[in-house]
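*Asks:* please work out how this folds:
(one chain, ligands or ions: 1)
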Amino acid sequence: MAAAAAGVKKIIIDTDPGIDDAMAIFLALRSPEVEVIGLTTIYGNVYTTLATRNALHLVADRIDIPVAEGSHVSITKGTRLSVVDFVHGADGLGNQNFPPPEGKPIDMSAPDFLIEQANLYPGKVTVVALGPLTNIALAIQQDPSFAKNIGQIVLLGGAFAVNGNTNPAAEANIFGDPDAADIVFTSGADILAVGINVTHQVVLTDADRDKLASSTGKFAQFMCKILGVYFDYHREAYSTKGVYLHDPTAMIAAIKPSLVTCTEGAVRVQTNGITKGLTLLYNKQKRFAEITEWTDQPSVKVAVTVDAPAVVKLVMERLMD
Ligand SMILES: O=c1[nH]cnc2c1ncn2[C@@H]1O[C@H](CO)[C@@H](O)[C@H]1O
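*Replies:* Below you'll find the predicted structure:
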C-alpha cells in the first residue's frame, strides 16, 4: 500500500471534534504525505464521550483506523471542564445530530495507545494534538521513555505574545488543562506549538465556503453541512466574515512544514490565577543570574509565521478532491 512508502509520516490525531477538528482529520485522510494510524479523543470542544462518538463518526468509512478514548478529567483529576458548545454546537458538529456511529473505540485508553505506538515505531510517530494535552501528559507520566520515543508532537495551542481566545490570557486548549500543557512543554520531546498568534492569520472566507459548497467532494459537502455554527460564532465574537482554521493549520504544519516558520525556546504555562493558561516563550537570549523555573528547560519550536494563502488553498484543494 502507498501509505507504507518511505517518507510517509505516521500520525496519531489527538482530538476533541469539533468543527475545525473535523476539517483537520479530513485533511489528513486526504494527504498522501501522512498515514493516520489512529485517533485518540479528549474533552475540549465537547466532553470526551461525545468526542469519541464524533471521532468514530468522522472515520466511519475507515474501519482500519482505531479510535482510543482519552481522559474524562484533567491531569489533576479536575472535573470542571470548560467545553464550548457555543463555538461548535451542542453536538460538537454544527448541531446536525448525526445518528450514533456503528464503530466502537478500541479496548485501550488513549495514553496506553500513544505509548504502544511510540514503542512500536520509535522516533517515527507524530502526534498531532488538537485539544487539551491531558492524554499526552499522561503518556509522558506513565512511560518515562515516551518523550524520547515519540517522533514529534505538533500541537495546536497557546497564544504567544497575543491575547487568548478563552480570555485575554489564555488559548482554549492550554486553558483546558494548563498543568498537562506544562508537563508536555517541559518533557524534552520534539515539539512544535502552533498558537493562535499564527492560526488567526488563516481565515476561510464566505467565498471559500461557497466554493466548497459547489464541489461534489464528500468531505467538502460534509464540512459545508457543519460549518454554519462556526461561521455564526465568528461573526458574533470577532465580527469577521470567515472562520479561523486553527486545527487545519496545525495539521498542515505536520503535513507540509515548509508553510510555517518557527522560533525556539523554553515554554512554560501559568497554571493558576487570572493568567491561568498563559503560555510564555523564553528565547534563551539572556543567561539569567538566578536559578529559576526556566533554568535548563528544554527548547521547543513555536510557530511564528504561516503562508496563510497557501494553507487555505491546500485545505480547499484536498477537501474538494
Ligand atoms: O473562541 C473560542 N473559544 C474556545 N475555543 C475555541 C474558540 N475558537 C476556536 N476554538 C477551539 O479551540 C481551539 C483553538 O483555540 C480550536 O481547536 C477550536 O476548535
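
*Asks:* hey, let's count contacts and neighbours off CA atoms from now on
*Replies:* Will do.

*Asks:* low-confidence stretches in this protein?
*Replies:* With pLDDT under 70 as the threshold, the chain has low-confidence stretches at 1-6.

*Asks:* excluding chain neighbours, what is closest to the residue in it that the ligand sits nearest to?
*Replies:* The nearest approach of the chain to the ligand comes at Ala172, 4.4 Å away (Cα to the nearest ligand atom). Here the nearest residue to Ala172 in space, its sequence neighbours aside, is Thr166; by Cα to Cα, 6 or more residues apart in numbering that works out to 5.2 Å.

*Asks:* so the one you found sits in a strand?
*Replies:* No - the assignment for Thr166 (DSSP: H, G, I helix; E, B strand; the rest coil) gives coil, which keeps it out of a strand.

*Asks:* list the contacts for the residue nearest the centre of the chain?
*Replies:* Centroid check for the chain by Cα atoms, centre = their mean gives Leu130 as the closest residue, at 1.4 Å. Leu130 makes contact with 13-16, 21, 155-157, 173, 247, 250, according to Cα atoms under 8 Å, 6 or more residues apart in numbering.

*Asks:* follow-up on the earlier one: ok, the residue of the chain closest to the ligand touching Leu156?
*Replies:* No - using Cα atoms under 8 Å as the test, Ala172 is too far from Leu156 to be in contact (9.7 Å).

*Asks:* give me the more crowded residue out of these two.
*Replies:* Taking neighbours as other Cα atoms under 10 Å, Ala172 and Leu156 compare with Leu156 leading, 30 against 26.

*Asks:* from start to finish, how long is stretch 188-196 in a straight line?
*Replies:* Across its full length, stretch 188-196 reaches 23 Å end to end, with Cα to Cα, to the nearest Å as the criterion.

*Asks:* how distant is that stretch from the center of its chain?
*Replies:* 11 Å (Cα atoms, centre = their mean, to the nearest Å).

*Asks:* does it reach the ligand?
*Replies:* No - Stretch 188-196 stays clear of the ligand (Cα under 6 Å from any ligand atom), getting no nearer than 6.6 Å.

*Asks:* show me what counts as buried in that stretch.
*Replies:* Within stretch 188-196, the residues that qualify as buried are 188-196, counting by 16 or more other Cα atoms under 10 Å.

*Asks:* equivalent analysis for stretch 269-277, please.
*Replies:* Residues of stretch 269-277 classed as buried: 269-271, 276-277 (neighbour count, 16+ other Cα under 10 Å).
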